[in-house]
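>>> Give me a model of this one.
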Amino acid sequence: MDFVTIIGLEVHAQLLTKSKMFCSCSTDYANTPPNTHVCQVCLGMPGVLPTINRRAVEFTIMAALALNCTISEYAKFDRKNYPYPDLMKGYQISQYDAPIGRHGWLDIEPGKRIGIIRVHLEEDVAKLVHCTSSWGESYTLVDVNRSGVPLMEVVGEPELNSPEEARQFLVKLRTILQYLGVSSGNMEEGSFRCDANISIRPLNCSSGLAKVEVKNMNSFKAVYRALEYEAERQRKAVEQGEHVVQETRGWVEEKGMTVSQRSKEYAHDYRYFPEPDLPPLQLTAAWVEELSSHLPELPQARYDRFMARYGLPAYDANLITVSRSLADYFEACLNLRHGPSPQKEAKTISNWLLGDFARLLNLTGQDITESKVTPSHLVEMVDLIEQGILSSTSAKAVFQEMFYTGKRPGEIVAEQGLTQISELAVVEEIVNQVIADNTPAVVDFKSGKTQALSFLVGQVMKQSKGRANPKLVNEVLHHALGE
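Numbers count the residues shown, from 1 in each chain. Now for the predicted structure:
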């Protein structure tokens, strides 16, 4: 039997505010001792009152606008009640029937629009740390530092039909939030988290089977693998006559499988009711318009502009604009160059960014903002190549030295004697020596084996340690070989 996969994503993003959602405790708790960024509000002590973080509300409005949502004139907070050790108060302050944003959309490839049901604001919960003692006893500790950090939830329509579409949705959403500057979007650190509801339905059937919620996915790769596994598990279950139950399952990365955790709750199980200690939010048109006017250029608009203005191929434009820091670096480089052909300039910079630069960043685990290679360094090196001072071969060595030391390319060229050899007499001397040392290749070339020329060029470059001007080498070789 053929099935259609149906996926809906619920994405939680920690917001980059300085203080928590309902108190003044700092949100900068990374690498700090447990339970040191807490107060009576974080700990859920009796008699304390929460206060709303205005900046968190503004960040959520900005994100909802970027996701093409309608902003509610009226929004309120609610208590979501469920007993769990990471909830200090025994309930979570969230939003239920009056969220900040509704009815938006996000486009993925190829030209598919995924609806956004809602964008709402809530507080994060504490972190449970599972441990095992030296004598083998298991126990759990609670770190309250994270509790109360502003958490924005984006709920998508169940309109994704494959793990790849889910991955694209997450990548595009994270990119938008990073462009807005409202979230770091770091899945590995837990500031960008995703739960997925997945079900299957027989092809040409209007109704699907029970949906399963999948949790504990902490990377884009994990989301893809977990959904791929779960879709296949459900298909096999149906084909074997088993009943797919509505439940919550956790992804176990080490085993590459999902495991049952608990039966899936319904909304009424949480006994939502309006938060009595917080006033409703009046999101005026003037306030929303002011925030809208300060939105930055978003990824799709930048992608379109890079292609139209600089003639970048779609592949290059997509890879560069997926990261705001990379796109900013790219434009910073172009602002330093004023050549006659903006398209050629852009493609040259793009090739370096997506080639050697990307390779070294991945190798060292750095973001481009952390690199010692500034835009002016990269532009200076490109200038040296175009002026004939530095060969393309030597440029790779120079770039690597720049990356690890932060030295300027001109300084490295001078120190290592990497200036390109463009003197005709010097190149002729090297070419003549290579021809004399490689008679078989010369014979092959003269007998019509054109690939022999590439071998001879390589020998000249090797003997000159990559410094010979490639164009001049080809010209001298052709002349010396009687062409």
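
>>> use CA for all of it now, contacts and neighbours both
Will do.

>>> what about the nearest residue to Phe169 once chain neighbours are set aside, neighbour count?
Spatial nearest neighbour of Phe169, excluding adjacent residues (C-alpha to C-alpha, 6 or more residues apart in numbering): Ile108 at 6.2 Å. Using other C-alpha atoms under 10 Å, Ile108 has 19 neighbouring residues.

>>> do the same with the one 3 residues further on
Taking other C-alpha under 10 Å as the criterion, the count of residues near Gly111 is 7.

>>> With Gly44 instead?
17.

>>> Now do the contacts for it.
Counting by C-alpha atoms under 8 Å, 6 or more residues apart in numbering, Gly44 makes contact with 88-89.

>>> Now do it against Val144, distance only.
Distance of Gly44 to Val144, computed by C-alpha to C-alpha, to the nearest Å: 10 Å.

>>> and if you look at Leu49?
Taken as C-alpha to C-alpha, the span from Leu49 to Val144 is 18 Å.

>>> do the same with Leu390
For Leu390, the distance to Val144 - C-alpha to C-alpha - is 56 Å.

>>> between the two, who's got more neighbours?
Per other C-alpha under 10 Å, whichever of Leu390 and Val144 has more neighbours is Leu390, with 27 against 24.

>>> Wait, a helix at the more buried one?
No - counting by DSSP: H, G, I helix; E, B strand; the rest coil, Leu390 falls outside a helix, being coil.

>>> residues touching it, list them.
Per C-alpha under 8 Å, 6+ apart, neighbours of Leu390: 384, 413, 418-420, 467.

>>> cool, Glu401 as well?
With C-alpha under 8 Å, 6+ apart, Glu401 has these contacts: 407, 412.

>>> Just the element for it, please.
For Glu401, the element it lies in under DSSP states H and E is helix 392-405.

>>> I'd like the distance from that helix to the chain centre, please.
27 Å (C-alpha atoms, centre = their mean, to the nearest Å).

>>> which regions of the stretch 201-350 of the chain sit below the pLDDT cut-off?
264-268 (pLDDT under 70).

>>> Spell out, range by range, the strands that occur in it.
Assigned by DSSP state E, counting those that start in this stretch, the stretch 201-350 of the chain shows strands spanning 212-217, 247-252, 257-263, 273-274, 281-282.

>>> what's the closest of those to Phe399?
With C-alpha to C-alpha as the measure, strand 212-217 is the member of the strands of the stretch 201-350 of the chain nearest Phe399 (36.8 Å).

>>> Hey, what's the angle from the closest one to strand 257-263? Just curious.
120 degrees (axes from the mean of the first three to the mean of the last three C-alpha atoms, to 10 degrees).

>>> which strands and helices sit next to strand 212-217?
strand 192-202, helix 220-239, strand 247-252 (3 or more C-alpha pairs under 8 Å, 6 or more residues apart in numbering; DSSP states H and E).

>>> hmm, who's touching that strand?
If you take C-alpha under 8 Å, 6+ apart as the criterion, strand 212-217 is touched by 193-199, 223, 226-227, 245-252, 258, 264.

>>> Kindly provide the distance from the closest residue in space to Arg201 that isn't next to it in sequence to Lys255.
Closest residue to Arg201 apart from its sequence neighbours, by C-alpha to C-alpha, 6+ apart: Gly208 at 4.1 Å. Counting by C-alpha to C-alpha, the separation of Gly208 from Lys255 is 28 Å.

>>> Name the residue in the two with the higher neighbour count.
A direct count of neighbours by other C-alpha under 10 Å for Gly208 and Lys255 places Gly208 higher, at 15 against 8.

>>> Just checking: what are the partner strands of the one helix or strand Thr140 maps to?
Per DSSP H and E, Thr140 falls inside strand 138-143. Note on strand 138-143: by DSSP bridges, its sheet partners are strand 127-132 (antiparallel).

>>> returning to that earlier point: tell me the contacts of the residue nearest to Phe169?
Counting by C-alpha under 8 Å, 6+ apart, Ile108 makes contact with 114, 165, 168-169, 172.

>>> filter the contacts of Leu390 to the buried ones?
384, 413, 418-420, 467 (16 or more other C-alpha atoms under 10 Å).

>>> Cross these against helices and list the overlap.
The members of the buried ones among the contacts of Leu390 that map onto helices under DSSP state H are 384, 413.

>>> got the buried ones among the contacts of Leu390 as a markdown table, with distance to Asn31 and pLDDT columns?
Formatted as a markdown table, the buried ones among the contacts of Leu390 follow (distance: C-alpha to C-alpha, whole Å; pLDDT from 0 to 100):
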| residue | distance to Asn31 | pLDDT |
| --- | --- | --- |
| Leu384 | 43 | 90 |
| Val413 | 41 | 86 |
| Leu418 | 44 | 72 |
| Thr419 | 47 | 72 |
| Gln420 | 48 | 69 |
| Arg467 | 48 | 73 |
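
>>> and of the buried ones among the contacts of Leu390, the nearest to Val434?
Closest to Val434, out of all of these and judged by C-alpha to C-alpha, is Arg467, at 15.2 Å.

>>> Give me the distance between the two termini of stretch 289-297.
16 Å.

>>> can you give me how far it is from the chain middle?
Distance, stretch centre to chain centre, for stretch 289-297: 23 Å (C-alpha atoms, centre = their mean).

>>> begin at 365 from here
Right, with 365 as the first residue, what we last looked at is stretch 653-661.

>>> so Glu792 sits in a helix?
Yes - according to three-state DSSP, Glu792 belongs to a helix.

>>> How much space separates it from Gly822?
Glu792 sits at a distance of 15 Å from Gly822 (criterion: C-alpha to C-alpha).
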